[in-house]
Structure formats: structure tokens, C-alpha cells
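Undergrad: Sequence plus predicted model, see below.
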Amino acid sequence: LLLLSSSLLCNQGVVVVQGQEDERLTTSGAYKKWTTGKIANSKYTSFKILEKANGDEAVALHWKLENDEIHVGVAVEANGWVGLGLTEMGGMSGSDIVMFEAAKPKELHDMYGVQNGRPRMDHQQDWKFVDSFVEDGLLAFEATRKLDTGDSIGDWPIEDDSNLLFPGTKLIAAWGDTDEMHYHGAEDRLQASVRFFGDASSSTKDDTELFQEQMKQSEGSIVIKMDDFHVNERYPTWYEHRCFTVTELTEKQGLPADTPIHLIGFEWLLDPGDYVHHIALYSSPSETIKKCDPSGPHSFMHVWNKGQEKNYFFPADVGMLLADESENAGKGLGRVPKSFRLEIHYENQKKVKGARDSSGVRLHYTTKLRKHTGAIMEFGDPRVLLRDKPIGEGLQRHIFGCPASCTTNHVKPAGLTVLYEMLHMHKHGTTMQNVHKREGKEIRRSSVQYYDFDQGAQVVRQTQFKVMPGDSFDTYCNYNGTEKLSFGFEADREMCMAWLLVYPAADIHLSCSYRSQEKGCDGTYERTPIEDETMLGRIFGKEVTEVKTNDSSNSEGESRPAVVGGFGARKEDDVVTPALASATPALDTPSDVLQGKSPAQEAEEAAKKGSVVSEAPDPKTGTNEDVSEQKGQGQQPHRDDVKTAAAPHNASKTRKPSRPKPVGLIKVGAAFSFLLILVALVAKSRKNAAVAYKKLADGSSGDDVAHKQKKGHTGTALSLDQVAQSGDELVEKAARVRDSEFVHF
């Protein structure tokens, strides 16, 4: 199942009026038969067609809210199965799924996922089957569920998502033609977001219409984008940066130069194709952008990720300072931008040649200044000043403290109003928390239980709150590190940063972070190992072996732990750190999982039958990583001290004891010969890697480098020992050195 990432702007459903057919409905006869027959009297109040990344219609979602329940109707053109899920960040990790199979037309499976692969059966079956329709290539089902089931282990609560300033509810969906759920591939999946609680006004318009309505207040716009950029076909993952000065934008695009300007809306511009993973925009008080270096004094402004709506607008009384070239530049409006940096993360997994892209962002502005000027407040290590510092091997916690002296010095007595919050790490991140304290006591906490780098930054859904003078923050970034993992800009290294969009803007760059230069804002930093996964603060996904039906849910007054993070912030009293689940079923786990057998049960049964139970791969070996993944792609975290049944397909077979065999001189000789060959191959690989590195780094030919090496001249400051890594890694690193590329975000 793929992710349906949420968006910063509303992506509403459309009210279905009986007797009127929405023009976006699929035109298939089976779908018309289902909507005019089976669900004609269901009185669904909202409707949305969920689209794939390429814009093709895929899943029809109908819903209505009634008392404390949600009623849904889901349809897709398939013959086997369909799954729809709520998801924490937009991927399979941390997803709450309802599954329907045509082979079992009167059943539903309530499931959840904690990593890419087959989801687990939920211990508490909360979805109630209502009806289904399987005909002429169409699968459809109807079901109901409580908005908050009380099951924090396998369900996310469906919360009020009507506030347009916060993300909608993130969804994932996938489907297929096999009798049972199977890997869907890249084509039969999608990511989206909806607003289940959208009011009548917003639910009758899509996000583009809502944005255009708000932008009637715009006096003009400027475009910051790539210019027919050649998408790199050599590397599956690539980051590209472009910088623009305010002077350039004034001269070429007519940006007013004699008055302060408020930015009131972001309109993300995406070229056709599926190459863009995310787009981020930064501002800087300097016009010195010769190298467009992401390590410079840039302040984060906004980001678009896959699955988000393509537009975002500020509240009617808030704007962000876009430029101010007047005599009183920046007076009372915060730090004045002088340049902007556009960053685009490209994914070209199929290494398509000749792909071009001109994606970017249109910034809508007004000279009629609004009541409040917004700005970004930063935490953690936003400038990556810990670059090259080790993360540490295994589970590690890095804590960045924002002292109370920062808000004491720079926040006015009325405080800061927070519009939204974003959390960001890279692919080795496991969980993340941003803890807000007042007088030394925790008053709120935002959290991600299953961090997924493929989804970019996590926008935390929450109500607005205040930051007052004297408040402090602790930002926790938890990683599953490796021996060589360090902090850095590159996608295969780590970051830890959090942002709040606040108003009013301070007169400084409000960065309460590691080695901040602002008065009283120099943050603390410490690193500590995590004993085991139970200390990560996760509740969602905790393994429970007993599967309950929805009829028996809470019938015995069972108490369940509160969710930490996930879809919103929680107060201090709600924080619980239970034991985590053990191993997750693999993608090819047999259908026993759908019948409620947990990995622990499978392991126990396997042990009884004489099968071998093996330890999960150790992080030192890295053997549980998908070796087919290319550099820069997200990888699943390693799992320590986890036992799972080896070869679940053969769990019912008892392994016959093998007869001891003597180890003779022939075997010893063969092993020694193999070792000699291996040493020779490694030596040759290291030499070739060094040649490749030098060739790319300074443009010299391979023959020239080899010639210099024969004479004892390396031609570079790196020795062979320093480049004893895989050839592919060195080639990629050399390309970055050559092109002065720095990978950010």
C-alpha cells in the first residue's frame, strides 16, 4: 500500500446531490449501477475521486459523519481486493487500514502497518461490514467505524480536519486483481488527503477553486522555478538548487521595490511527470548567492511534498514578508529577505533519459500589509552545524534544547501564535518529538511515531497554541544508526530540525537552535544511547496477539494507552511508553496473518514444530536493508533484538537433523584459496574506486591517474585507505564534489 500524504491546504470532497451526476465520476457502467442502485439511499453527504500521482482517477470515496461514527463507501476498478488506510505521515509505516477482498464479499479486515510490506491484523476489529458490490471489474464496499475507536495500537482517530490552515487527513490506497492482498506495484496505489469534517462551503469546491478565491486579494505574483532542468538519469535520487535575488526578481518580474510586500499564498508548480519528490523554498538576508550553498544563512519558508495539495494560503490577517526595499525596510516586520533558494528533490528510479523539468513555485503578494507578519521559528540543528559528527551505532537519541532565555529576550509579552508545526529527519530517523515547556514543565508535545523520510517533513495537525516569554523546547530525534552514519546535508546522512510558523515576526531570525548566533538562543545538545525500542515512545503498532471483533470491543471495560503524537499533539498526562511490537510480517507472509496470527504466535508454533527461530539482522551487518535500493532512497529502520520465525512458508515442516561431516584438508585448502581470491578482488576494487574518484573529481582520465599512481603520485589528497568504500559510493560522492552539490532537506 502506498501513502496518501496530507496537504497544507484543503482538498475537499464534493457533496453528492441526488439525481445529479458529478462530472468527475468514473463513466463505467458498473460504477453507475452501484451509485444509482446499491448506495442511492445511503445518503452519503460527501464524495471525492482519489487520483494517482499521474492524475488518473482511481478510487471513489463516499462518506458521511453521523454522531460518533463515519460511514464510507469505497469503489475501485479491480477484480481482487482494495485497501484504504489512514496514515501518520503518508506511507505504510504507521498506517491504519481497512481491507476488502472479492473472494470474501461479506467480510472486512481491520489491519495496520508498521513498515513497507504486508500489514498486520488488528487485535480489535472495529470496521463493521455493511454491503459490497462485485461486478464487471468493479469492487465496492460499504462500512462504518467509530471516529475514535479507543484502539491506539491499531487505529488512528478520525479528528476534526476542517481548519484549512492544517493538513487534511492523510490516506493511502492500493488495489489488485489477485484473490488475496498481494504486492500492488507502482501503478495500483495512490496517496491523497481529504477533509472528512469540511463544511458545506469548502466541501463543494476543490483546493484550486478555494485557493483562487483567496487569491483575489493578490496584487501580483512572481515565479521561482527550474529552467528546463535535465533530470539526472545516473542517480535515482538527486537534489537541485537554484537561487534568485530580490533585485533580479524586481528587474525581470516587476516585484515592487519601493514598498514592503506581504506574501499571502504559495502555488506549487509541477511539470508533468512523476519525478519531483518535494520542493522547498528558503529566504536569506544576503544577496551573495554565487554558489547557492544550502549551508548559508537561509531561513525555511515552506515546502510541498508528494500527496499534498498544490496550494497554501495564509489566514486573512497574516502574511509573510516577501521583500521590502523602502527607506524603513523591515521596521516592525521582521528580517528582510534579499534572496531565495529553491530546492527540488528529484526521484528518477527508472533512470529515464532525457527527462526535463521546470517545476517551482508561484508566490502571490499584496502591498496592503495585513495585521500580522508571520515568520518561521527554528529548533534543533537547522543549519546542520553538526555536519560530519557521528549519529552513533544502533538506537540513539539526540536532544536539542531551546533555552527559556531565547523566548524571554525575543518574544513580546503577548506571545507568539503558532499556525503550524513541521518535524524533519532523514531515512535513519525512527521517532521524533518536539516538547514545549513552561516554567520547566511539559505543557504539550508533538510527535511522529513512525518517521518516514520518503514523505519529507511531517506537518503536525493540532489546534493553534501560544509560545510565551520564558517558554523552552526540547527536540528529540531518535535514530537507528550505523557505524559510519553522520549528520550532513546529503540524503544518506541525517538531520534534526523542527519549525513553527508563528506571528508576529521577531526582529531577528528566531532560531533557537544549536550554536544559534541570536542572543540567548544558543541551544544545548546531547546524545545518549537508547536501551531498546520500548524507549522510543511508540504505542501504535504494539503487538497484541488476541484479535477482537468490533462486537466485543471495550465490552469488558478494557483500558488502552493514549496515542503519543500521530495525528496531533498530546498533553503531558497522555504520554505513555509501552513495549513495542516484535517483528513485522514480511511482504510474502502467508494468509495466516489475515486470520489474526501475530509474528509471536507464528514463532511459537514454529518452535513447537521444530523449525529454526533466528535473530533479526543486526544493525552492524545491515543485512536487513534492501540491497537493491539506490543511494539516497529511504530505507526501513533496522530492528534489534527481535525474533521471528525463519521461513514462515515452511513453518509446518520439521527440519531433519543433518549428519555431521568431517572437515578435511580439501575444505581447508578451498577456503584458503577463496580467501586469497577475495583479497585480490578487494584490492582491485579499491584501486578502481580511487581511479574513478580522481577521474570525476578533477576531470583527469583514468589512464593519467593510473600512471601517476605507478610513480607514487596519487594526484589527490585521498589515499586508497581513505577511499576503501564501494565504487558506486565513491562515484556518487565524487560527482557531488565536482558539481559542488550539497543535498539538503
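TA: Arrived safely. Residues are numbered from 1 along each chain as shown.

Undergrad: residue ranges with poor pLDDT in this structure?
TA: 1-27, 200-206, 289-291, 294-297, 307-308, 330, 456, 544-745 (pLDDT under 70).

Undergrad: And the helices in it?
TA: Remark: helices assigned in the chain by DSSP state H are 29-33, 200-203, 207-214, 246-253, 404-410, 599-608, 665-698, 702-710, 727-739.

Undergrad: what about Arg527, distance to Asn348?
TA: With distances taken as C-beta to C-beta, to the nearest Å, Arg527 is found 35 Å from Asn348. To be clear about C-beta, it is placed using only N, CA and C from the backbone, and glycine gets the same treatment.

Undergrad: Comparing those two, which residue is more hemmed in?
TA: Using other C-beta atoms under 10 Å as the criterion, Arg527 and Asn348 rank with Asn348 on top: 21 against 15.

Undergrad: right, and that one touches Asn232 too?
TA: Yes. Using C-beta atoms under 8 Å, Asn348 is in contact with Asn232, at 6.5 Å.

Undergrad: Can you pull the residues that touch both of those two?
TA: Each of Trp238 lies in contact with both Asn348 and Asn232 under the rule C-beta atoms under 8 Å, 6 or more residues apart in numbering.

Undergrad: Provide a list of residues in contact with Glu219.
TA: Shown in contact with Glu219 (C-beta under 8 Å, 6+ apart): 365-368.

Undergrad: Quick one: buried ones out of the residues you listed?
TA: Buried by 16 or more other C-beta atoms under 10 Å: 365-366, out of these.

Undergrad: Need the contacts of Glu219 in TSV (columns: distance to Leu190).
TA: Listed next are these as TSV, based on distance: C-beta to C-beta, whole Å:
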residue	distance to Leu190
Tyr365	33
Thr366	36
Thr367	40
Lys368	40
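
Undergrad: among the contacts of Glu219, which two are most distant?
TA: Tyr365 and Lys368 (9.9 Å; C-beta to C-beta).

Undergrad: Which residue is the nearest non-sequential neighbour of Asn232?
TA: Trp238 (4.2 Å; C-beta to C-beta, 6 or more residues apart in numbering).

Undergrad: So that neighbour sits against Val231, correct?
TA: Yes. Under the criterion of C-beta under 8 Å, Trp238 makes contact with Val231 at 7.2 Å.

Undergrad: anything in contact with each of the two?
TA: 346, 348.

Undergrad: ranges for the strands of the stretch 51-200 of the chain?
TA: 57-66, 69-77, 81-87, 95-101, 109-113, 120-121, 128-135, 138-146, 169-176, 189-194 (DSSP state E, counting those that start in this stretch).

Undergrad: I'd assumed Pro469 was in contact with Arg438.
TA: No. Arg438 is not in contact with Pro469 according to C-beta under 8 Å; the separation is 10.2 Å.

Undergrad: CA atoms only: put stretch 223-242 into PDB for me.
TA: Only the C-alpha atoms of stretch 223-242 are listed here, as PDB (Å, rounded to 0.1, in the frame of the first residue of the first chain):
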ATOM      1  CA  VAL A 223       7.700  32.700 -10.200                       C
ATOM      2  CA  ILE A 224      10.700  30.900  -8.800                       C
ATOM      3  CA  LYS A 225      11.400  27.700 -10.700                       C
ATOM      4  CA  MET A 226      13.800  25.500 -12.500                       C
ATOM      5  CA  ASP A 227      14.500  26.400 -16.100                       C
ATOM      6  CA  ASP A 228      14.200  23.200 -18.200                       C
ATOM      7  CA  PHE A 229      16.400  21.300 -15.800                       C
ATOM      8  CA  HIS A 230      17.800  18.000 -17.100                       C
ATOM      9  CA  VAL A 231      16.700  15.400 -14.500                       C
ATOM     10  CA  ASN A 232      19.700  13.300 -13.600                       C
ATOM     11  CA  GLU A 233      19.400   9.800 -15.000                       C
ATOM     12  CA  ARG A 234      22.500   8.500 -13.400                       C
ATOM     13  CA  TYR A 235      21.300   8.700  -9.900                       C
ATOM     14  CA  PRO A 236      17.800   7.700  -8.800                       C
ATOM     15  CA  THR A 237      17.800  10.500  -6.200                       C
ATOM     16  CA  TRP A 238      19.000  14.000  -6.900                       C
ATOM     17  CA  TYR A 239      18.700  17.400  -5.200                       C
ATOM     18  CA  GLU A 240      19.000  20.500  -7.300                       C
ATOM     19  CA  HIS A 241      19.300  24.100  -6.000                       C
ATOM     20  CA  ARG A 242      18.600  27.500  -7.700                       C
END
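
Undergrad: Can we start the residue count at 43 from this point?
TA: Yes, from this point I'll number from 43; that puts the last item at stretch 265-284.

Undergrad: Which of the residues in that stretch are classified as buried?
TA: So for stretch 265-284, counting by 16+ other C-beta under 10 Å, buried means 266-268, 271, 273-274, 277-284.

Undergrad: from the residues you listed, which is closest to Gln295?
TA: Using C-beta to C-beta, the buried residues of stretch 265-284 come closest to Gln295 at Ile266, 9.3 Å.

Undergrad: was I right about the closest one contacting Leu323?
TA: Yes. If you go by C-beta under 8 Å, Ile266 and Leu323 touch, sitting 6.9 Å apart.
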